[in-house]
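Engineer: got a predicted structure here, sequence first:
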Amino acid sequence: MRDYIEKNRERFLDELFSLLRIPSVSSLESHRPDMRRCADRLVELLLEAGADRAEVCPTEGHPVVYAEKMVSEDMPTVLVYGHYDVQPVDPLELWKSDPFEPEIREGAIYARGANDDKGQLFMHLKAFEYMVREKGLRHNVKFIFEGEEEIGSPSLAKWAADHREMLAADVILVSDTTMISESVPSINCGMRGLAYVEVKVTGPDKDLHSGHYGGAVANPVNVLCDMISSLIDSDGRITVKGFYDDVVELSAEDRAMLARAPFDLEEYKKFLDIKEVKGEKGYSTLERTGIRPCLDVNGIWGGYTGEGAKTVLPSEAHAKISMRLVPNQDSEKITELFAEHFKSIAPDYVRVEVTPCHGGNGFLIPISSPAYQAASKAMTDVYGVEPVPSRGGGSIPILADLQRILCADPLLMGFGLERDTIHSPNESYLLSQLFRGMEAISLFYGYYHK
C-alpha cells in the first residue's frame, strides 16, 4: 500500500481537493445544490475505485450516497460510514486561506472538511481502490456517506430502517474521530451521546428603554444568565433532577485501563492557553471528556450587540445548550428532564420556552471483538505501537441508531488529531495521517475475520 500511495500521491490529492472545493454546508439552505454536487462527485470516485454499484439516494433531507462491491455471500461484510457535509466556516476572517480552496502548508491540508470528514472518508476510498486493483479484496464492502451528520442526521435513521436488508453488515467501519497523538495511536471503543436544545426567555412584550425601566422590570438576559448558572453546582455536577439516574459508574479496573492513555495536563493547558482546567469533582480531565456527561452553553444572545451603544432592556434572551451523554442515558429522556427542570426554575417575571433541536445516544463496543482486534493489529503495524482503547468525548448520534437497526457494532478507526481544529477556522489534516490511515485501513481488511 505504501508503494501504491507513492505512485498515486498526486492523483489522490487532486481527487480529495475536488471534494474539499465543494462547500457542502448542510445547515445552510443556500448550499443545497452543493450537497447534491458533492454526492455526485462521491459516486464518480466510488465507481472509479471499483464499486460495482454506486448511487445517490434521496431522503427526507440531504441525499445519501450508497455503494457496494459484493465478493461472496460467505465472506464478512464491512459497511463503511462517513459524512460529506461540513460545518459553516464562520468566522471567515480568522481563516489564513480560503476554506474551500485547499492549501498544503507545513505538511498539512488546510480546508473545511480536510479532516471532518472528507479527508477521513477519502482514506477508505483509496484503501478500497488498492484492495480491488491489487485483487486483494476478500470482503464484501458497502459504503454509506450521509449529508446531515453536522445537523444531527435527522433523515438517516428512517432511511437506514427502510433499507436495512441492503445495508446488512457484520461491522460498521468509521473514520470520523481522533487519536491521542501521532506517536500514541488509539481506537475509540465508545462515544458520548447528545441532547441539544434551544431556550428562550421572554420578559416584557417589547424592548424597553433601560433608563426608564431598568431596575423595575426583569431583564431577560440577566435572568437567563442566572438560570444557566444554576444548572451546574460547585462540584461541577449538573443539577437537572434525574439527570444521573441512568449513568453507569465505571469500575476501578475500567478507569485504570483508560488511564493508560498518556496525558500531560500542563501541555493540555498550554495548547488551550488556559491557566487551569475545570470540571466534575473526582474525575480526571480525560474521564470528564470520555466517561462523564456534561452541559455547555454553545451560544447566547439577546438585546443589542451591534457597534456603539443602545440603551435597551431586551424583551427576549436566547441560548443554545448541549448535553453530552454517556452510554445508557437516553437522549429523549434527558431532553424532557431538562425542559421540565428549566421551566420549573423560571421566576414569575419571565416566560420560558425549550425547543429540542437534535440528539442521539452514546454507545460502547467490546475490545475483544474480531473487528477491534483486527484494527488494533493494523494500527500496530503502521505506527509500531499498540493502540490504546479510549472513549470519544464527541458524538456521532446516528451510530447508535445504525447499531440498533443493523445489529452491527461500529468500529471507530479514526486518524484525526486535536491539532486539526475541526469545526473551527483553519481546519487541517496532516498528510502523514491521511496516508497512514489508508495503509492501516487496507491492513484491517487483511486481519478482519468473523
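Structural biologist: Everything's here; your move.

Engineer: now do the same contact list for A371.
Structural biologist: Applying C-beta atoms under 8 Å, 6 or more residues apart in numbering, we find A371 in contact with D170, V171, L173, D409, L411, Y448. To be clear about C-beta, it is placed using only N, CA and C from the backbone, and glycine gets the same treatment.

Engineer: can you redo the residues you listed as a markdown table with distance to P347 and neighbour count?
Structural biologist: Listed next are the contacts of A371 as a markdown table, based on distance: C-beta to C-beta, whole Å; neighbours: other C-beta atoms under 10 Å:
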| residue | distance to P347 | neighbour count |
| --- | --- | --- |
| D170 | 55 | 20 |
| V171 | 52 | 26 |
| L173 | 51 | 25 |
| D409 | 47 | 20 |
| L411 | 49 | 24 |
| Y448 | 58 | 23 |
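
Engineer: mind picking out the helix or strand in the protein with the poorest mean pLDDT?
Structural biologist: Sorting the helices and strands of the chain by mean pLDDT, DSSP states H and E puts helix 252-258 at the bottom, at a mean of 81.

Engineer: give me the contacts around it.
Structural biologist: Contacts of helix 252-258 (C-beta under 8 Å, 6+ apart): L250, L286, E287, G290, I291, P389, S390, R391.

Engineer: can you show me the strands along the stretch 351-450 of the chain?
Structural biologist: 351-360, 363-364, 388-392, 409-412, 428-430 (DSSP state E, counting those that start in this stretch).

Engineer: between those strands, which one is closest to K126.
Structural biologist: K126 sits nearest to strand 428-430 of all those, at 13.9 Å, using C-beta to C-beta.

Engineer: what separation do you get for the closest residue to C57 other than its chain neighbours and E6?
Structural biologist: Leaving aside its sequence neighbours, C57 sits nearest to V64 (C-beta to C-beta, 6 or more residues apart in numbering; 4.6 Å). Distance of V64 to E6, computed by C-beta to C-beta, to the nearest Å: 33 Å.

Engineer: more neighbours: those two, which one.
Structural biologist: V64 (24 against 9; other C-beta atoms under 10 Å).

Engineer: E146 is in contact with the more buried one, correct?
Structural biologist: Yes - at 5.2 Å, V64 counts as touching E146 under the criterion of C-beta atoms under 8 Å.

Engineer: got any residues that touch both of those two?
Structural biologist: Common neighbours of V64 and E146 (criterion: C-beta under 8 Å, 6+ apart): L156.

Engineer: now do the contacts for V201.
Structural biologist: P220, V223, L224, M227, E316, A317, H318, A346, V350, R351, V352.

Engineer: okay, and it sits in which element?
Structural biologist: Counting by DSSP states H and E, the element that carries V201 is strand 193-202.

Engineer: ok, S72 next?
Structural biologist: Here S72 is assigned to no helix or strand, by DSSP H and E.

Engineer: quick one on the thing from earlier: got phi/psi on the residue nearest to C57?
Structural biologist: Per-residue torsions, V64: phi -100, psi 140 (degrees, to the nearest 10).

Engineer: so where do the strands sit in the stretch 1-150 of the chain?
Structural biologist: With DSSP E, counting those that start in this stretch as the criterion, the stretch 1-150 of the chain has strands spanning 53-57, 64-69, 77-83, 103-105, 108-110, 140-146.

Engineer: as a markdown table, those strands with distance to I238 would be great.
Structural biologist: As requested, the strands of the stretch 1-150 of the chain are exported to a markdown table (distance: least, C-beta to C-beta, whole Å):
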| stretch | distance to I238 |
| --- | --- |
| strand 53-57 | 39 |
| strand 64-69 | 35 |
| strand 77-83 | 29 |
| strand 103-105 | 41 |
| strand 108-110 | 37 |
| strand 140-146 | 30 |
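
Engineer: any idea which of these gets closest to E276?
Structural biologist: Using C-beta to C-beta, the nearest of the strands of the stretch 1-150 of the chain to E276 is strand 108-110, at 29.7 Å.

Engineer: who's in contact with the closest one?
Structural biologist: By C-beta under 8 Å, 6+ apart, strand 108-110 touches 13, 16, 20, 96-97, 102-104, 114, 119, 420, 426-431, 434.

Engineer: before we move on, the earlier item: closest one to S210 among the strands of the stretch 1-150 of the chain?
Structural biologist: Of all the strands of the stretch 1-150 of the chain, strand 108-110 comes closest under C-beta to C-beta, at 44.3 Å.

Engineer: Three-state assignment for A317, please.
Structural biologist: strand (DSSP: H, G, I helix; E, B strand; the rest coil).

Engineer: report how many residues lie close to it.
Structural biologist: 24.

Engineer: any weak-confidence spans in the protein?
Structural biologist: For the chain, no stretch is flagged by pLDDT under 70.
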